[in-house]
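Participant: starting from these lines, generate the structure:
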Amino acid sequence: MKYAIFKLGSRQYQAKEGDTILIDLQDISEGKSLTFSDVLLVADGDNVMIGTPVVAGAKITGEAEDMVKGKKIVTGKFRKREGYKRAYGQRHKYTPVKITQITA
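Facilitator: Purely as a prediction, here's the structure:
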């Protein structure tokens, strides 16, 4: 099974060929191709290449899909004995990317 770990922004993601991963929202339209060049690790069976800090010449290509929202996270404030409660929440937005090819 071939997989790779790449860095995008301040996060790291694991990608396998054919899988769909959720990355932070990108300003790209549906169906466009994405290329990730900050590949930290590439593994193909017993052959593992670890970068220092990135694997030279490795890249991951994928196809962007339409934006999706994550589950709603609700949090709030509370002050004891003061009758004060406040709830608020947010939904994180993601761009799904279908991984088409991993090259090393």
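
Participant: please count neighbours and contacts with C-alpha atoms only from this point.
Facilitator: Will do.

Participant: tell me the contacts of V54?
Facilitator: Counting by CA atoms under 8 Å, 6 or more residues apart in numbering, V54 touches 38-41.

Participant: turn those residues into CSV, including distance to D19, pLDDT and neighbour count.
Facilitator: Converted to CSV, these look like this (distance: CA to CA, whole Å; pLDDT from 0 to 100; neighbours: other CA atoms under 10 Å):
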residue, distance to D19, pLDDT, neighbour count
D38, 19, 94, 21
V39, 17, 95, 27
L40, 18, 96, 22
L41, 17, 95, 21
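
Participant: from these, which ones fall inside strands?
Facilitator: Mapping the contacts of V54 onto strands (DSSP state E) picks out 39-41.

Participant: run me through the strand neighbours of the strand or helix carrying Y94, direction for each.
Facilitator: Taking DSSP states H and E as the criterion, Y94 maps to strand 84-103. Strand pairing for strand 84-103, using DSSP bridges, gives strand 20-24 (antiparallel), strand 59-64 (antiparallel), strand 68-79 (antiparallel).

Participant: need the winner for burial among the ones you listed.
Facilitator: Burial of the strands paired with strand 84-103 is given as mean neighbour count (mean count of other CA atoms under 10 Å); strand 59-64 ranks first at a mean of 21.
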